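A.B. asks: using only what follows, build the 3D model:
(4 chains)
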2 protein chains.
Amino acid sequence: MISIATMKDVAQMAGVSTATVSRALMNPEKVSAPTRLKVEQAATSVGYSPHSLVRNLKRNESHTILVIVPNISDPFFVEVIKGIEETAAGHGYLVLLGDSTQQNQEKSFLNLILAKQVDGMVLLGSNLPFDASKDVQKNLPPMVMANEFASELELPTVHIDNLTASFNAIHYLHQLGHQRIACICGPENMHLSQYRKQGYIQALQRSGIAIEESYLFYGDFSYEAGAKGLSALMSLPQPPTAIFCHSDVMAIGALSQAKKLGLNVPLDLSIIGFDNITLTQYSDPPLTTVAQPCYQIGQQAMLLLLKQLQGQAAQIGSLLLESELLIRGSTAAPRS
Amino acid sequence: MISIATMKDVAQMAGVSTATVSRALMNPEKVSAPTRLKVEQAATSVGYSPHSLVRNLKRNESHTILVIVPNISDPFFVEVIKGIEETAAGHGYLVLLGDSTQQNQEKSFLNLILAKQVDGMVLLGSNLPFDASKDVQKNLPPMVMANEFASELELPTVHIDNLTASFNAIHYLHQLGHQRIACICGPENMHLSQYRKQGYIQALQRSGIAIEESYLFYGDFSYEAGAKGLSALMSLPQPPTAIFCHSDVMAIGALSQAKKLGLNVPLDLSIIGFDNITLTQYSDPPLTTVAQPCYQIGQQAMLLLLKQLQGQAAQIGSLLLESELLIRGSTAAPRS
DNA sequence: ATGAAAGCGCTAACAC
DNA sequence: GTGTTAGCGCTTTCAT
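C.D. replies: Sure thing, here's the model as predicted:
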């Protein structure tokens, strides 16, 4: 590798000191017009480009943010990440992705953070690969949370009203005439799942329907979990006539399995998903789902982080975005 | 932010010079056992952790690699990226993802590269956000290509035999009795698409079937492109009885559209995909597809890159992985 | 085996 | 407005 032009080269070429080069390039107004011109020309002529490692070191910023994502294979997160990344890029920031399922990365992340190679973090899950508890946050770069919750961390958080969204989905199923409504939940220890489950429970109670423990299946947001959940639920003595899933991916898995069992969706069974990933438009039938503004969740989270990076105080608490029940083909009135 | 323990602190604590600390930590064998012990204890006691920015600066390495990915929304790439990322992590490297569709990132990437903030790159597409032509490669960090091709770059490349894989898929359709076989291709300017198209053409020619230009539809690997392609092809005067798609995502889009048109897959129409993403097991019917070892493609590409980073010469040319036609439910003999 | 010191490329006082 | 200089935290000669 041929060595890259350095500031000294530019300084020599322009017949000024490196300090002047630095100023001319960073704070043009602090330098006379003719000098600025000389420097700029010299810079282009030698093909100078600042060494960001060093610059970061001096200025204590890296213009890189770290996104902790629970599962990069999940299409939902991919949409959110897009929102983060494009917003970040628009403001000159780069995005490092960290899959929080990978164990041996803890040290890497910590090193990045300690070495100030990341200016901030967006957390898409609460299962972090490092300790971020309240009392060590002073030593950590700014963080925001999106989609999931971690109240003990007292972070600015971007999300939808999961409880109400779920409530509305179940309410809609009940309106259609369903009485036996099951739920394929996310992991029991996720706050997200708890809110969605609460919405489900409250809607049933409001409708005077008793909660059946056996109607609650817990999955991990995978296709496979959805398929397994469906099998389990449909082999119950009193199988449900409708299933509410905590994610589209699980709903697609459930839909697939329903068909394998010879069920007609929505005539024999209604299925509702959550997220509104692109794929839901291409399933058969197209999936009724609780639409989250995935891209915006990422975008708003990044904007919140940018504010902090610009020195504004963190707004601890919720930034609520709108969700909407999108009625498509996977739901209908139950057979009478 | 509280300041982090530095090497000087350790040196003071251990009563040695910073040079000795550096050696004790980096080249333990160059230091006497008692000194090493003292230093190690001092390091733990002050909670020392090396500042990687500075270390990178000195050693001219960042332990970060950049992956250029054409479209991070594509589940196929996600699988490949997983292979890259886990392999990288296993060797102490971090992965920066660069979506090559984003325009304004060119400068960022170049800066990263010039500033040696990335030690190497894995290219998942040939449409690069910077100039990587042969004559500037001396100034660039090592690169490997995976999945796609760019012969003019003369890079080590990990891929499957796309031509033969396609050939076999078409051959299988012909064996089933299909005569009117269409193709939903990837973008015409991608080498990948050309190989797959060549396999399609050669298989038809071998079977004595004339090539119909109108049977070639070009998409962009999206669900939507698949759906549009299907509509276009099926509204031809002589619609095909089988369609070979250059990706699973397009195949799922096509499948969806076929059903919307009231077609029975596979009885009215056979569909074959390419990649074998997880989703193909959960479509209805499950998708017959050309299975690529996505994860391994990423893994092998990263291993190739690691070799170069360890100083071994690049093996320009192909590392060929195996593919396999996976017969599932979306293909059958045509109606007679 | 260890220390002193130079320097990586750049920025930020501090002078002039 | 511009140059001089002192570092940033670490590695690496070069002495000892």
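
A.B. asks: now do the phi/psi pair for A:Gly253.
C.D. replies: When read as degrees, to the nearest 10, the backbone of A:Gly253 gives phi -60, psi -40.

A.B. asks: does it touch A:Ser222 like I think?
C.D. replies: Yes: when contacts are counted by Cβ atoms under 8 Å, A:Gly253 is listed as touching A:Ser222 (6.9 Å). In short, each C-beta sits where N, CA and C put it, glycine included.

A.B. asks: okay, the two: which has more neighbours?
C.D. replies: Ranked by neighbour count (other Cβ atoms under 10 Å in any protein chain shown), A:Gly253 and A:Ser222 place A:Gly253 first, with 28 against 17.

A.B. asks: contacts only, for that one.
C.D. replies: A:Gly253 sits next to A:Ser222, A:Tyr223, A:Glu224, A:Ala225, A:Gly226, A:Ala227, A:Lys228, A:Gly229, A:Leu230, B:Tyr282 when contact means Cβ atoms under 8 Å, 6 or more residues apart in numbering or on different chains.

A.B. asks: run a quick neighbour tally on the residue lying closest to the last one once chain neighbours are set aside.
C.D. replies: Leaving out its chain neighbours, the residue that sits closest to B:Tyr282 by Cβ to Cβ, 6 or more residues apart in numbering or on different chains is A:Ser256, at 3.9 Å. When neighbours are counted by other Cβ under 10 Å, A:Ser256 registers 24.

A.B. asks: pLDDT value on A:Ser256, please?
C.D. replies: With respect to pLDDT, A:Ser256 scores 98.

A.B. asks: swap in A:Lys107?
C.D. replies: Each residue has a pLDDT score; the one for A:Lys107 is 56.

A.B. asks: ok, A:Glu29 next?
C.D. replies: As summarised for this prediction, A:Glu29 has a pLDDT of 90.

A.B. asks: next up, phi/psi of it, please.
C.D. replies: With angles defined as degrees, to the nearest 10, A:Glu29 sits at phi -70, psi -10.

A.B. asks: number of nearby residues for it?
C.D. replies: Neighbour tally, A:Glu29, other Cβ under 10 Å: 6.

A.B. asks: against A:Arg36, how distant is it?
C.D. replies: When distance is defined by Cβ to Cβ, to the nearest Å, A:Glu29 is 9 Å away from A:Arg36.

A.B. asks: and chain A, what are its domain boundaries?
C.D. replies: Domain assignment for chain A by automatic domain parsing gives A:7-48, A:58-160+A:295-321, A:162-292.

A.B. asks: just how off-centre is the first one within its chain?
C.D. replies: I take that to be domain A:7-48. 42 Å (Cα atoms, centre = their mean, to the nearest Å).

A.B. asks: does A:Ile184 count as helix, strand or coil?
C.D. replies: Using DSSP: H, G, I helix; E, B strand; the rest coil, the structure places A:Ile184 in strand.

A.B. asks: so who does the residue nearest to B:Tyr282 touch?
C.D. replies: Taking Cβ under 8 Å, 6+ apart, we find A:Ser256 in contact with A:Tyr223, A:Gly226, A:Ala227, B:Gln281, B:Tyr282, B:Ser283, B:Asp284.

A.B. asks: strands of the stretch 101-250 of chain A, start to end?
C.D. replies: Using DSSP state E, counting those that start in this stretch, the strands of the stretch 101-250 of chain A run over A:120-123, A:143-146, A:156-160, A:181-185, A:216-218, A:242-245.

A.B. asks: out of the ones you listed, which is the most enclosed?
C.D. replies: The highest average neighbour count among the strands of the stretch 101-250 of chain A, using mean count of other Cβ atoms under 10 Å in any protein chain shown, belongs to strand A:242-245 at a mean of 31.

A.B. asks: packing partners of that one?
C.D. replies: Here strand A:242-245 touches helix A:162-176, strand A:181-185, helix A:223-234, helix A:248-260, strand A:270-275, going by 3 or more Cβ pairs under 8 Å, 6 or more residues apart in numbering or on different chains; DSSP states H and E.

A.B. asks: thought A:Gly226 was touching A:Gln257?
C.D. replies: Yes: between A:Gly226 and A:Gln257 a contact is recorded at 7.2 Å, counting by Cβ under 8 Å.

A.B. asks: so these two - more neighbours on which side?
C.D. replies: Between A:Gly226 and A:Gln257, A:Gly226 has the larger neighbour count (other Cβ under 10 Å), namely 32 against 22.

A.B. asks: so which helix or strand takes in A:Pro285?
C.D. replies: Using DSSP states H and E, A:Pro285 sits in no helix or strand.

A.B. asks: no no, A:Leu96
C.D. replies: Going by DSSP H and E, A:Leu96 is in strand A:94-99.

A.B. asks: that strand: how far from the chain's middle?
C.D. replies: The chain centroid and the centroid of strand A:94-99 are separated by 12 Å, computed with Cα atoms, centre = their mean.

A.B. asks: if we look at it, which residues are touching it?
C.D. replies: Under the contact criterion Cβ under 8 Å, 6+ apart, strand A:94-99 has outside partners A:63-72, A:81, A:84-85, A:88-89, A:105, A:109, A:112, A:118, A:129, B:82, B:85, B:94-97, B:108, B:112.

A.B. asks: okay, the domains of chain A, which one's buried deepest?
C.D. replies: Comparing the domains of chain A by mean neighbour count (mean count of other Cβ under 10 Å), domain A:162-292 comes out on top with a mean of 21.
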